[in-house]
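[1] make a model of this:
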Amino acid sequence: MDLSKKYIKYLDYWVILIIGTLAIFSYFGISSAKPDSDVAVRQLIWYGLGFIIMFVILLIDYEILSQYAYIFYGIGIVLLLGLLFFVDPVKGITGWYKIAGVKFQPSELMKIFTILALARYLNKREEKPFESFIELFPIFLFIGAPLLLILLQPDLGTGLVFIAIMLSMMLVYGVKMKHFVIIGGLAGIGALILTMLYHFKEDIFHKIIAEYQWGRLTSFLNPSIDPLGTGYQLNQSLIAIGSGQLVGVGLYQGKQGKNNWVPESHTDFIFSVIAEEHGFIGASLLILLFFFLIYRIIRIGIISKDRYGTYIAAGLIGMWVFTIFENIGMTISLMPITGIPLPFISYGGSSLLTNFIAIGVILNIGMRRKPLMFE
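    This is a model prediction of the structure:
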């Protein structure tokens, strides 16, 4: 539990500065989307709690996390299983526990637990190459168990994040390209099977792909196919972003969010509100902040004192890069709509605290990047 000056001097203050700036974007975006509620203030409270959790994590050497990684992973699996058996569906989804009026989404924490556990497994292999595809089975098991439980909720968007985590960590480990080709081929076969089911066994297809998920995909391919239904949210988002033009309509002057013309404008579609009020310049600044955050994490991963830290950084990069690209992409019709929040910006306690835990871990790795003599 030592946080001496020897470690403090290696703390990446740029990361903390970036997170603080993202907090400003988050507050003004949420308060613009929900001007008649206290949601933005609650987000600041979550931010305060997040910073406290982050600094607590800095007190613990990240190598200790490796010793308990599998235990954390097991706890996460139990929490996900509990959702299926003890939680009543809300709008057909069992994704949250409700404790004292506060919603808790275990799939968010499971991302971190999975990264820690998989990083420990890869580190224990000591860079021994995967000679055959079957040797990758433990990796698929680490990712597949939580992925299956999350898909059963159902939550396809969060499930895809686990795929991104797996691929990024495999890439950094040095898994052979032929294995990635096989994975891509299997994914292609899966898509072909779903296509055939849609054409010949549509009833079975919709047991795998929910109606609302299929509606989101069709509206992504053609937003005008159902402009007042499945395509409404995307069309309104494009209107909001387009109306922002270069410099935006001004703070609290946007109409799409606060009038609820863009549904879920304070959560999944908060980028639309920011782009409408701050324009291309403001939206670009937000994206640039994310770019610098990822750059700092890559740097920490490179200078980590061991491969365990590098693998954790790789998993976090995969998680955040996919999440950011998917969230912003879905608001501008580059990606299908999913329920993935924009990290550090969208309202949500579970998501925000999970991201702060991740930031605490990555800063921890950066602080302890060099072995200290005479300890």
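[2] now stretch 24-32: buried residues?
    Neighbour counts over stretch 24-32 (16 or more other Cβ atoms under 10 Å) mark Phe25, Ser26, Tyr27, Phe28, Gly29, Ile30, Ser31, Ser32 as buried. In short, each C-beta sits where N, CA and C put it, glycine included.
[3] show me what contacts the second one?
    Pointing back at Ser26 there. Going by Cβ atoms under 8 Å, 6 or more residues apart in numbering, Ser26 touches Gln43, Tyr47, Ile270, Phe344, Ile345, Ser346, Tyr347.
[4] with the fourth one instead?
    Neighbour list for Phe28: Ala40, Leu251, Ile274, Glu277 [criterion: Cβ under 8 Å, 6+ apart].
[5] before we move on, what SS does it have?
    helix (DSSP: H, G, I helix; E, B strand; the rest coil).
[6] so Gly360 belongs to a strand, correct?
    No: read with three-state DSSP, Gly360 is helix and lies in no strand.
[7] all further residue positions should be reported with the first residue as 127.
    Okay, using 127 as the starting number, the last item reads as Gly486.
[8] once you drop chain neighbours, what's closest to it?
    Ile183 (3.1 Å; Cβ to Cβ, 6 or more residues apart in numbering).
[9] buried ones in stretch 284-294?
    Buried residues in stretch 284-294 (16+ other Cβ under 10 Å): Thr284, Gly285, Leu286, Val287, Phe288, Ala290, Ile291, Met292, Leu293, Ser294.
[10] give me the neighbour count for Trp140.
    Using other Cβ atoms under 10 Å, Trp140 is surrounded by 13 other residues.
[11] next one: it from Ile450, what distance?
    Distance, Trp140 to Ile450, using Cβ to Cβ, to the nearest Å: 18 Å.
[12] on that earlier part again, which of the contacts of Phe154 lies closest to Leu412?
    Ile400 (6.2 Å; Cβ to Cβ).
[13] just to revisit the earlier point, so which of the buried residues of stretch 284-294 are in helices?
    Here DSSP state H is the test, and the buried residues of stretch 284-294 give Thr284, Gly285, Leu286, Val287, Phe288, Ala290, Ile291, Met292, Leu293, Ser294 as lying in helices.
[14] give the contact list for the third one.
    Right, Leu286. Contacts for Leu286 (Cβ under 8 Å, 6+ apart) come out as Phe448, Glu452, Thr464.
[15] possible to save the contacts of Ser152 as JSON lines with neighbour count, secondary structure and distance to Ala440?
    Output for the contacts of Ser152, formatted as JSON lines (neighbours: other Cβ atoms under 10 Å; DSSP: H, G, I helix; E, B strand; the rest coil; distance: Cβ to Cβ, whole Å):
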{"residue": "Gln169", "neighbour count": "24", "secondary structure": "helix", "distance to Ala440": "29"}
{"residue": "Tyr173", "neighbour count": "20", "secondary structure": "helix", "distance to Ala440": "26"}
{"residue": "Ile396", "neighbour count": "26", "secondary structure": "helix", "distance to Ala440": "27"}
{"residue": "Phe470", "neighbour count": "24", "secondary structure": "coil", "distance to Ala440": "20"}
{"residue": "Ile471", "neighbour count": "29", "secondary structure": "coil", "distance to Ala440": "23"}
{"residue": "Ser472", "neighbour count": "24", "secondary structure": "coil", "distance to Ala440": "24"}
{"residue": "Tyr473", "neighbour count": "24", "secondary structure": "coil", "distance to Ala440": "28"}
